[in-house]
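Peer 1: I need the structure of the sequence given here:
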Amino acid sequence: MYLEILTSLLLIIVSILISLYGSLVGFGGGIFMVPILITFFGFDFGTAVGTTMASLIPSAFISTFLNRKNKNVDFKMGTLLEIPTMIGVIFGSLLISFVSIYSLKVIFVVFIFILGLSFFIKLGSKNSNLDLFNKLNKLKPSFVIKNKYHSVQYRASLFMLLFFGLLSGTLAGLFGMGGGFMKTPIMIKVFKIPAKIATATALFMILVTSITGSISHYMQGHIYISKAMPVIIGFAIGALLGHKVNTHIKSTNLEKLIGFALILASMTMLVNLL
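Peer 2: Down below sits the predicted model:
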């Protein structure tokens, strides 16, 4: 009895910390929470993923609701990027039978690690990454999104949205991940969206993904309310705290936190490969 209570309390505390950080950087926290549930709390893979998906619903909803009040959520960008992402997830899951997942995971780990480093150091020449993306981002049809509240604007090509949406979705489907940690850096690096708007928009997309994912996992019997409740409570509290911290943090510091989270994510995936 006492052991169960202590385990639940520990699970709530861990979930708060993971959700706080995940809400800050726009990842949600699933990529960190799933291995923790499996390694330290004895969850099987299906239950760990289902529990995390269910927990992301209230946390992503809270984050989206609060970020919307600050005009940080770009619903247009989020919707246009999420549609091809969901198609990519289906495509990626079908590819599993035809490709070497281990080799792809090794390449993916290296890619995520380098992407994380790029938030701390400039890789290549000054314009090496800008020229290609800027040219592709001007391909028609394209449009300029203006955020009058924050006095910023950025261009998005439908071709780029389709390509990167399919890419992140395919990788998510191949590796059995939510793909949330791909969307934030893509929006920042490719579409030049300010960090706070990118993280808030990514959390809106995670809300959509987590709802559809939870329905699927519930139907497969991967979600047990008694097991999931401590994580759900912790994720909800973490989202509230994450929003509080987000309002006081500078965009430059937020980008460094995102970079560190990507490096941490690559290390997590590397450990899972060993």
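
Peer 1: Next, please give the residue ranges for the strands of the stretch 51-200 of the chain.
Peer 2: Remark: strands assigned in the stretch 51-200 of the chain by DSSP state E, counting those that start in this stretch are 142-147, 152-157.

Peer 1: Most tightly packed of those strands?
Peer 2: With neighbours defined by mean count of other CB atoms under 10 Å, none of the strands of the stretch 51-200 of the chain is more surrounded on average than strand 152-157, at a mean of 16. Placement of C-beta: from N, CA and C, glycine included.

Peer 1: Next one, pLDDT for the residue lying closest to Met182 once chain neighbours are set aside please.
Peer 2: Closest residue to Met182 apart from its sequence neighbours, by CB to CB, 6 or more residues apart in numbering: Ser168 at 3.9 Å. Ser168 carries a pLDDT score of 83 in this model.

Peer 1: tell me the contacts of the closest residue to Ile188 other than its chain neighbours?
Peer 2: Leaving aside its sequence neighbours, Ile188 sits nearest to Ala198 (CB to CB, 6+ apart; 4.9 Å). With contact set as CB atoms under 8 Å, 6 or more residues apart in numbering, Ala198 has these partners: 26, 183-184, 187-188.

Peer 1: Which ones among the residues you listed lie within helices?
Peer 2: In helices, defined here by DSSP state H, the members of the contacts of Ala198 are 183-184, 187-188.

Peer 1: now, which of the residues you listed sits nearest Phe260?
Peer 2: Thr184 (12.6 Å; CB to CB).

Peer 1: Can you tell me how far the closest one is from Met219?
Peer 2: For Thr184, the distance to Met219 equals 29 Å [CB to CB, to the nearest Å].
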